[in-house]
Structures are given as structure tokens and as C-alpha cells.
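J.: have a look at this fold, sequence not included:
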């Protein structure tokens, strides 16, 4: 396929992209995004433009691009922290893009996020125990949890800490009493504790030291395998994305300009911008 054809393909709606909505392995997609667009007032161009992709159950789909390309805006739109101007977000067979308020509430549990900065993501006034309980008390009571049984608050918290390889005594501490790596493990525990279908990982290791980065990536890989989680792994770090993902999308100026299997990273047909990222890989 010529470069011109490839670029035209990436500019189309996701519904027209070959394989964008195909089943992954033997399972159908748990999340299908089509034509998602977000424009800020006064901006010269959309922050996210006509983005489409499918995420398979149990898959890690990587999204890589430089800072300011629209990755985090896309994440916030998927979580409905911000509202997209156009497009659909089909989660578990239901388009949640137009939903608001009470109609959206049952679906919030199905998609969770791990942010870049765990210190900012955790309430400094809450002990870790209460931070872990909060998502369940807000969103999980209506669900029938199977992986993390809620026999008691103490047992639930203990299970979550064990899942992210933290000692039980962490529960009584405050965020400032933990290391950066420990805090990020707590935010991961919060995200998985209400058993979502999809976890959006928005630069989950960017604020950590090198040793903690590797340990957290290993943990995320283990959790995906053991719990059957589906990840959208967002990062500016191509090495981390390549390590974690089965498929990779490349974003530039709000658009997906390239998409491929992780084993095709070095193929000749890669987009010029992907090659730029590879040069600093």
C-alpha cells in the first residue's frame, strides 16, 4: 500500500478502517470507538479528530505520541470526564457517548483509569483503606463482583492490596507516607477493584523512577493475564508501549496516523512519524 493511500486511510472514520473493528483472536471487542472528535473553544484544530479503534477482551492496545498530541484528551473523553463533540463510544454493546447522569452511572464501573501522577490521584486526607473503598461504595455496590468478594470492608481492602503486591499494613497509611511506586500500585488497585471491562492507563509510569517503572509494568502485565483485563496503554514512551501491547496506534496532532501489530513495528511501511519515534526508541 502506498504512503498516500495509507494516510488517506488513517484520516477516514474508524468504521472504514480495515480491521479497526474486527474481533481480536476469538473474542469480540469490549470497546469500540468510532469517529471521536473533541475541539476546544478558540483552538485552531481539534484536540482529537475522527479517532476510531476497537479493543479486544484481554488485550493491551497501545497509543503512543508526543506530548500535546491529544492522547490524554482522548482518555478523558472515553471516561466521560470531558464530552466529545462527535463520535461513539460503544462499551459492552452500549454507546455511552450520549449518556448523562443516571443513565451513565451503571456504565461508569465498566471503564476505569490510572493517571500519570498517583499523588494527585489520591485524596491526601484519606487513608489508603478509604481510598480503596471509595470506588466500590460509589459504583460497585450495584455490581456482582466475582474476582474481589466483598465479605467485609477489611477483607476487600486486603484482597486489593494483595493483588498489587502491597502489605496489609499499608491500608492504615496516608498517601504521603508511601513511595511513588506504592502510590501508583494503590491507584491500580482502585481501578481494578470494581472489576471494570476496560482500564485506561494514561502514562502510568511517567512519574516513577526506572526501577519502579519496570516493576509496575510487570504488575500490570500479570494483572491483565490473571484478571482478563483489557488495557488502553497511553504513553509518549514507544519502548514501554511496545513492551506492553499486542497492537499499537500512533497519534499525531489529534489523529491516528499509523496502526499495526507490535511485531510489525520495524516494517518498511511504517508512517514517517512512526519512524521518527523509532529513531529515539
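T.: Done, it's in. Treat the numbers as computed from the prediction; the structure is a model and nothing was measured.
J.: residue 149 reaches residue 159, doesn't it?
T.: Yes - if you go by Cβ atoms under 8 Å, residue 149 and residue 159 touch, sitting 7.4 Å apart. For every residue, glycine as well, the C-beta is placed using N, CA and C.
J.: the more surrounded of the two?
T.: residue 159 (17 against 10; other Cβ atoms under 10 Å).
J.: let me know the helix or strand that the closest residue to that one other than its chain neighbours is in.
T.: Leaving aside its chain neighbours, residue 159 sits nearest to residue 148 (5.0 Å; criterion: Cβ to Cβ, 6 or more residues apart in numbering). Secondary structure assignment for residue 148, by DSSP states H and E: no helix or strand.
J.: how many neighbouring residues does residue 148 have?
T.: Neighbours of residue 148 (other Cβ under 10 Å): 22.
J.: now do residue 95
T.: The number of residues near residue 95, taken as other Cβ under 10 Å, comes to 14.
J.: pLDDT value on it, please?
T.: At residue 95, the pLDDT value in this model is 98.
J.: cool, and the one 4 residues further on?
T.: Here the pLDDT value assigned to residue 99 is 96.
J.: now it, what are its backbone angles?
T.: Per-residue torsions, residue 99: phi -80, psi 150 (degrees, to the nearest 10).
J.: now for it, how many residues are close by?
T.: Counted with other Cβ under 10 Å, residue 99 comes out at 17.
J.: which residue packs closest to it, ignoring adjacent ones?
T.: Residue 99's closest residue in space is residue 107 (Cβ to Cβ, 6+ apart), at 6.7 Å.
J.: next: residue 243.
T.: Per Cβ to Cβ, 6+ apart, closest to residue 243 is residue 217, 6.4 Å.
J.: now the one you found: which helix or strand?
T.: helix 210-227.
J.: same check on residue 186?
T.: Going by DSSP H and E, residue 186 is part of helix 180-192.
J.: angle of that helix against helix 210-227?
T.: 20 degrees (axes from the mean of the first three to the mean of the last three Cα atoms, to 10 degrees).
J.: now do helix 180-192: everything it contacts.
T.: Under the criterion Cβ atoms under 8 Å, 6 or more residues apart in numbering, residues 112-115, 118-119, 121-122, 128, 131-132, 134-135, 148, 160-161, 163-166, 170, 175, 178, 199, 204-205, 207-209, 211-212, 215-216, 219-220, 223, 227, 229 lie in contact with helix 180-192.
J.: out of the residues you listed, which are buried?
T.: Among the contacts of helix 180-192, those classed as buried by 16 or more other Cβ atoms under 10 Å are 112-115, 118, 121-122, 128, 131-132, 134-135, 148, 160-161, 163-164, 166, 170, 175, 178, 199, 204-205, 207-208, 212, 215-216, 219-220, 223, 229.
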